[in-house]
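Undergrad: here are the coordinates; sequence isn't available:
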């Protein structure tokens, strides 16, 4: 079991963590958009910090072990076109993912306020906040960027 | 289809399978920390969209994996592939058993939510069932072991 195999294994496991967190965010987004009940939105909202921890571990692990692997492997350089493309796509995925989080924060805050005030019935403002198209768009861009990273990793254009 | 195309399908399937599994595990873990049946039902219901992702991902990963092994000339009897098949079989069986238990737990939570929504000992017992937790944990171990087999290919 050489260093390169360890790096590849850790690169893959952190990629799984990243995709797992993104799937969790998709489940949370769908669940939030389907309801206008404060308690249900607040309940789903309490999942997001867990997802945030996993997505940070996954994102950092993927880039650290990926770049390390590119340095360690013979025949691959960090400045190869497909490696740079992967790093750029990773940056796009990370930044759009990071920016999508605050888009849903007002919805979660509103739900927590309503729950604290004892209002458990449907709320129009909450429903409107939950259906933020900007948050959905940013998370979609982040997801597409991750799929493109996978394509780039396999076909290695220019290699 | 090119070998790269098959590899893409294989990895996309694996990512869908693992991604859906991680999401389902987090939701189930979150349900364990709640007491009100309506909250537990909501979290366990949220697992349902992840189920086709997990199932579809696993089918795609296995089908493309067989195709890739055939294309690359790997014998299916090789140690690392045999061990992988055993782990996949374990995940299928355990996933079906644990998934069935979780479905019954969700149905109980939904019934209790519509009937006063008060905390219930039986619901808490099912959520913290050590056998169910051990089965779910074994799937996580199986996923990590499968990745290790794919990377190191012992005996190849």
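TA: Looks like it arrived, so ask away. Worth saying up front: this structure is predicted, and the values here are computed from it rather than measured.

Undergrad: Check which helix or strand the closest residue to residue A:43 other than its chain neighbours maps to.
TA: The shortest distance from residue A:43 to any non-neighbouring residue, by Cβ to Cβ, 6 or more residues apart in numbering or on different chains, is to residue B:39 (4.7 Å). C-beta coordinates here come from the backbone N, C-alpha and C atoms, glycine included. Residue B:39 belongs to helix B:37-46 when assigned by DSSP states H and E.

Undergrad: just how off-centre is that helix within its chain?
TA: Distance of helix B:37-46 from its chain centroid, counting by Cα atoms, centre = their mean, to the nearest Å, is 19 Å.

Undergrad: Stretch A:74-89 too?
TA: From the chain centre to the centre of stretch A:74-89 is a distance of 22 Å (Cα atoms, centre = their mean).

Undergrad: Can you name the residues in contact with it?
TA: Stretch A:74-89 is touched from outside by A:63, A:66-67, A:69-71, A:145-146, A:148-149, A:152-153, A:155-159, with contacts defined as Cβ atoms under 8 Å, 6 or more residues apart in numbering or on different chains.

Undergrad: Buried ones among those residues?
TA: A:63, A:66-67, A:69-70, A:145-146, A:148-149, A:152-153, A:156 (16 or more other Cβ atoms under 10 Å in any protein chain shown).

Undergrad: Residue A:130 contacts residue A:107, correct?
TA: Yes - with contact defined as Cβ atoms under 8 Å, residue A:130 reaches residue A:107; the gap is 4.8 Å.

Undergrad: what residues are shared contacts of the two?
TA: Contacts common to residue A:130 and residue A:107, judged by Cβ under 8 Å, 6+ apart, are A:32, A:41.

Undergrad: what's the spacing between the helix ranked longest in chain A and its chain's center?
TA: Identified as the longest helix of chain A according to DSSP state H is helix A:81-116. Relative to the centre of its chain, helix A:81-116 is centred 7 Å away, using Cα atoms, centre = their mean.

Undergrad: C-terminal to that helix, what's the next element?
TA: helix A:124-130.

Undergrad: Need the contact partners of that following helix.
TA: For helix A:124-130, the surrounding residues in contact (Cβ under 8 Å, 6+ apart) are A:32-33, A:35-36, A:38, A:41, A:104, A:106-107, A:110-111, A:114.

Undergrad: same question for that helix, mean pLDDT?
TA: Helix A:124-130 shows a mean pLDDT of 91.
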